[in-house]
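Visitor: Model the following, please.
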Amino acid sequence: MEPFTSVRTKRWTRAEYDRLAAAGYFHPEARLQLIQGEIMEMSPQSAAHATAIQRLARILGAACASDCHIRVQLPIALSDDSEPEPDVAVVTGTIEDYEEQHPSTAVLIGEVADSTLRFDQTRKSAMYAAVGIPEYWVLNLVDRTLDLYREPHASGYAALQRLGPEDFASPLTAPSTRLRVADLLTRARR
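Guide: Numbers count the residues shown, from 1 in each chain. Prediction:
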């Protein structure tokens, strides 16, 4: 029997993905992201997940410099084959700076993770490191920790710090700010 040498997976570019969306190919409420050429369908959010996103956005917004703003679940045009919609992205400039095109980088990206934990810790981490995002946070709702990934390289982040609820985090863009991890997490389930 001959191997499947003629069978290939279609890898999408960001331009193709955007054209499909503009043509109405996707359902308007579909939760999709382009990750390294693959169109990924994201799972629905639990109430705890949604609350944690809002907390993370509010707390980072208060901590970040005046020349930055927070984007919540909005596209980042990272590369020709990736346009993720991270839960929270801290980008430089004003909202109006991105009226005609999505930002192509961020100073910090945060993902809230429960059902997507492994994906966020591996594939998304590698993707963000490869394009030089200086800081990537994974708010782990399963283990109630905050993972801080720093020092990006083409092969991944060189530094990982795992913080518990009693610990404090300081964004690289606001090093004198101390954010209590417990304030980012939703209440523990009883």
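Visitor: Please, where are all the helices along the protein?
Guide: Listed in chain order, the helices of the chain (DSSP state H) span 14-22, 47-63, 117-119, 125-130, 181-184.
Visitor: per-residue confidence at residue 130?
Guide: At residue 130, the pLDDT value in this model is 95.
Visitor: meant to ask about residue 119, not that
Guide: The predicted structure scores residue 119 at 92 on the pLDDT scale.
Visitor: count of residues packed around it?
Guide: 15 (other C-beta atoms under 10 Å). (Each C-beta comes from the backbone N, C-alpha and C, glycine too.)
Visitor: how far away is it from residue 35?
Guide: The span separating residue 119 from residue 35 equals 9 Å under the rule C-beta to C-beta, to the nearest Å.
Visitor: Just give me the neighbour total for the nearest residue to residue 169 once chain neighbours are set aside.
Guide: Beyond its immediate neighbours in the sequence, the residue positioned closest to residue 169 (C-beta to C-beta, 6 or more residues apart in numbering) is residue 179, lying 4.9 Å away. Other residues near residue 179 come to 21 when the count uses other C-beta under 10 Å.
Visitor: before we move on, the earlier item: would you turn the helices of the chain into CSV with distance to residue 143?
Guide: Supplementary listing: these in CSV, determined by distance: least, C-beta to C-beta, whole Å:
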stretch, distance to residue 143
helix 14-22, 33
helix 47-63, 13
helix 117-119, 8
helix 125-130, 16
helix 181-184, 12
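Visitor: Which stretch among these is buried most, on average?
Guide: Ranked by average neighbour count under the criterion mean count of other C-beta atoms under 10 Å, these are headed by helix 125-130 at a mean of 20.
Visitor: related to what we said a few turns ago, and the helices of the chain: which comes nearest residue 86?
Guide: Nearest to residue 86, of all the helices of the chain, is helix 125-130, at 8.3 Å by C-beta to C-beta.
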